[in-house]
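> Compute the structure for the input listed below.
(2 chains)
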Amino acid sequence: MAKRLTIQALKQIICLGMVVIVLAPILLTLFAALKTKADMATTSPLLLPPLERITFENFKEVLTDKYLLIGFRNTGIILVVSLVFNVLFGTITAFIIERFDFFGKKLVVALFFVGMLIPTFVTEIARFRIIQGLHLYNTLGAPIIIYVASDLMQLYIYRQFISGISVALDEAALLDGCSYFGLFIKIIFPLLAPATATVCIIKAITIINDMYIPYLYMPKNTLRTLTTFLMDYANAQQGSWQLLAAGIIVIMVPTILLYIFFQKYILAGVAAGAVKE
Amino acid sequence: MTKLSKKRKQFIVVSLVIPLLLLVGFVVVPALDLLRMSFTNWDGYSPDSDFIGLRNYIAMFQNKDLWLSLKNNAVYFLVHLCMIPVELAFAVLLTGKLRAAKFYKTMVFMPYIINGVAIAYAFSYFFSPVNGAFDAILSGLHLESWIRSWLSDPKIVNFVLAFVSLWRFSGYHVILFMAALQSIPSDIAEAARVDGANAWHLFKYIQVPAIMLMVDFVLFDNIRGALQVFDIPFVMTSGGPGYASSTFTLYTIKTAFSFSNFGLASTMAVAIMIMIVVIYIVQNKLIHGVILREGKK
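Numbers count the residues shown, from 1 in each chain, chains lettered A, B, ... in the order given. As a prediction, this is how the structure comes out:
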């Protein structure tokens, strides 16, 4: 009994240590964002300023920047369009690869596998010319088409989920006169919902966090995303950590909110991983 | 191979045509184009370029800054590799009986969901030599003598950046491992327990085999991630001081888009691809060899 309690306490200490490491850089940035320029120099970076000197001016300045709003809008558009196509293509491709034998299957699987091996950043050296040739440079189309065509991690997740769904289900549906598309849309796709939730969250985060593709393909300042907005903002605030800190927190908030809102889908999706007969 | 009905064929062709076209057009063709460009001296804007044989490859092998950058990638790779057992342990810990497990799950994944550029700036502030929080912590512990210029000392800058990378990405692996662990039907674990299996047996004979697919993915993700470290050094140090915290990808990108040497940059990109494939095959062989041998015992 005592041994078990000790182990439990030890586990709690390990986990709490992890929580401290996770929260420290975020909280310390928040402290800085609430300080005046004078307090930045005189108070400890580990502490909040005295309560009566807490200021929201830094946040006010960031939130009234018109390029922040533009960034929100652009990120939103890119995100929604990319996710829809990623889920659609990801589920159906994984379903066909897992469940069907067909001529050239080995080649198709090999191609998708190669697609996962090809590194994203350096491929832009060659992709740059294709995007320019399609007149997608400096348009929202550039990141969208790149996010849909590359980064195929969803295939891993969907294939693992599909291999856990009984083939008996497919056979029964087909015997009942269901078409292949019907089978996919009415039976397989809904069963993949937990995997889809996970895929969407991971993809959404990857896309919102992505700095490089918007930075490379959309230098126009009306095409700022949340992330490239922050980069511009940081360059403009050289040395004013309290203002940059407010910018950092503002850019962090959307993904944190998204996470809190979608978290139950992640956890439910994870828990529903064991798809039984 | 089974005989295909017409409808089946139709379904397969219609469904795969767009994903395949996108894959070929935006991933496979650019990759092949990189290979072609690696033998040319294209500068990124001229209509023409000359075939220069292996000159880029020779220049690449003689480039000291590039080798230095690759060494920096190795730091990220090793630091993350050492973390994988810890990540797996956390996944087992959080899937087991634990008070507040749900809260810890939320926390462990949180760094991954936070904007990478934002966190890079936050850590720049954390490690800043002026009013930096990390130095304040060390002072608080009376360890003033440990204080370094964390982001400009060439000897330690890569470890500081690799720590930021760990902070950001470890939780992702924990969550992937947890997903795989929870895909094990609970009746299997119960049956094993009834048959007298202890926690270690359960881990070794049921949990590990069940998550091999995920271990595969995580190991692979680690290689790809380490070779492609880009945004953390790009934002925090721009690869500096000098090339002390440059990475292979950062150097390649600079060669193309800053120095307008697309030919040489393509050669480097080809090298990254070859490295990824080779390391993947070796790692795969090692892992499967070890696990299969264990299983046969």
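> Could you grab the helix/strand/coil label for residue A:136?
coil (DSSP: H, G, I helix; E, B strand; the rest coil).
> Now it: closest residue in space that isn't a chain neighbour?
Of all residues not flanking residue A:136 in the chain, residue A:142 sits nearest, at 4.4 Å (C-beta to C-beta, 6 or more residues apart in numbering or on different chains). Every C-beta, even on glycine, is put in place using the N, C-alpha and C of the backbone.
> what about that neighbour, helix or strand, and which?
For residue A:142, the host element (DSSP states H and E) is helix A:141-149.
> rewinding a little: if I look at the residue nearest to residue A:136, how far off is residue B:76?
Separation of residue A:142 from residue B:76 (C-beta to C-beta, to the nearest Å) stands at 28 Å.
> residues touching residue B:92, list them.
Counting by C-beta atoms under 8 Å, 6 or more residues apart in numbering or on different chains, residue B:92 touches B:177, B:181, B:203, B:207.
> hang on, the earlier thing: distance between the helix holding residue A:142 and the chain's centre?
Centroid separation between helix A:141-149 and its chain, computed with C-alpha atoms, centre = their mean, to the nearest Å, is 15 Å.
> if we look at that helix, which residues are touching it?
A:78, A:81-82, A:85-86, A:89, A:127, A:131, A:134, A:136, A:203, A:207, A:210, A:213-214, A:217-218, A:225, B:22-23, B:25-27.
> what mean pLDDT would you report for whatever helix or strand comes next after that helix?
Once helix A:141-149 ends, the next helix or strand along the chain (criterion: DSSP H and E) is helix A:153-163. Helix A:153-163 carries an average pLDDT of 83.
> which residues sit against helix A:153-163?
Contacts for helix A:153-163 (C-beta under 8 Å, 6+ apart): A:86-87, A:90-91, A:93-95, A:97-99, A:112, A:116, A:188, A:191-192, A:194-195, A:198-199, A:202-203, A:273, A:275, B:180, B:183, B:213-214, B:217.
> what's the spacing between residue A:105 and chain B?
From residue A:105 over to chain B the distance is 9 Å, taken as C-beta to the nearest C-beta, to the nearest Å.
> Check the burial of that residue by counting its neighbours.
15 (other C-beta atoms under 10 Å in any protein chain shown).
> residue contacts, the residue nearest to it when sequence neighbours are not counted?
Computed as C-beta to C-beta, 6+ apart, the closest residue to residue A:105 that is not its neighbour in sequence is residue A:97, at 7.3 Å. Residue A:97 is in contact with A:105, A:108, A:109, A:112, A:155, A:159, counting by C-beta under 8 Å, 6+ apart.
> same check, this time on residue A:225
A:71, A:74, A:75, A:78, A:143, A:208, A:210, A:214, A:218.
> which one of these is nearest residue B:16?
residue A:143 (24.0 Å; C-beta to C-beta).
> Domain-wise, how is chain A divided?
A:1-55, A:65-271 (automatic domain parsing).
> which residues of chain B score low on pLDDT?
B:1-4, B:287-297 (pLDDT under 70).
> mind listing what's buried in the helix or strand hosting residue B:120?
Residue B:120 is part of helix B:116-126 when elements are defined by DSSP H and E. Buried residues in helix B:116-126, defined by neighbour count with 16 or more other C-beta atoms under 10 Å in any protein chain shown: B:116, B:117, B:118, B:119, B:120, B:121, B:122, B:123, B:124, B:125, B:126.
> Is it possible to get TSV of those residues that adds distance to chain A?
Putting the buried residues of helix B:116-126 into TSV (distance: C-beta to the nearest C-beta, whole Å) gives the following:
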residue	distance to chain A
B:116	4
B:117	5
B:118	4
B:119	7
B:120	9
B:121	5
B:122	4
B:123	6
B:124	9
B:125	6
B:126	5
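> what's the closest of those residues to residue B:171?
The closest of those, once distances to residue B:171 are taken by C-beta to C-beta, is residue B:119, at 12.3 Å.
> Please tell me how far that closest one sits from residue A:139.
Taking C-beta to C-beta, one finds residue B:119 at 28 Å from residue A:139.
> just residue A:53 next, same as before
Counting by C-beta to C-beta - residue A:53 and residue A:139 are separated by 46 Å.
> More neighbours: which of these two?
More neighbours surround residue A:139 than the other of residue A:53 and residue A:139, with 16 against 13 (other C-beta under 10 Å).
> now the more buried one, what's its secondary structure?
Quick answer, by three-state DSSP: residue A:139 is coil.
> Quick check, residue B:159 in contact with residue B:75.
Yes - with contact defined as C-beta atoms under 8 Å, residue B:159 reaches residue B:75; the gap is 6.5 Å.
> Look at the two and report which has more neighbours.
residue B:75 (19 against 15).
> Next one: stretch B:168-175, is it in contact with chain A?
Yes - applying C-beta under 8 Å from any C-beta of the partner chain, one finds stretch B:168-175 touching chain A at B:171, B:172, B:175.
> Does anything pack onto the host helix or strand of the first one? Which helices or strands?
Using DSSP H and E, the secondary-structure element containing residue B:171 is helix B:157-182. On a contact count with 3 or more C-beta pairs under 8 Å, 6 or more residues apart in numbering or on different chains; DSSP states H and E, helix B:157-182 meets helix A:2-33, helix A:241-271, helix B:64-95, helix B:101-113, helix B:116-126, helix B:212-227, helix B:231-236.
> how about a cut-off of 7 Å?
Packing partners of helix B:157-182 (3 or more C-beta pairs under 7 Å, 6 or more residues apart in numbering or on different chains; DSSP states H and E): helix A:241-271, helix B:64-95, helix B:101-113, helix B:116-126, helix B:212-227, helix B:231-236.
> Quick check, central residue of chain B?
By C-alpha atoms, centre = their mean, chain B has its centre lying nearest to residue B:225, at 1.8 Å.
> Name all residues that make contact with that one.
B:80, B:169 (C-beta atoms under 7 Å, 6 or more residues apart in numbering or on different chains).
> could you redo the last one with a cut-off of 10 Å?
B:73, B:76, B:77, B:80, B:165, B:169, B:172, B:218 (C-beta atoms under 10 Å, 6 or more residues apart in numbering or on different chains).
> Tell me how many other residues surround the residue of the stretch 51-200 of chain B at minimum distance from chain A.
The minimum distance from the stretch 51-200 of chain B to chain A, using C-beta to the nearest C-beta, falls at residue B:183 (3.6 Å). Residue B:183 sits with 20 neighbouring residues when counted by other C-beta under 10 Å.
> show me the contacts for residue B:86.
Taking C-beta under 10 Å, 6+ apart, one finds B:166, B:170, B:173, B:174 in contact with residue B:86.
> can you do 8 Å?
residue B:170.
> do residue A:112 as well
A:93, A:97, A:152, A:155, B:23.
> Tell me where the model's unsure across the stretch 151-277 of chain A.
If you take pLDDT under 70 as the line, the stretch 151-277 of chain A has these spans: A:264-277.
> again, only this time at 80
A:151-153, A:156-157, A:198, A:202, A:205, A:237-239, A:264-277 (pLDDT under 80).
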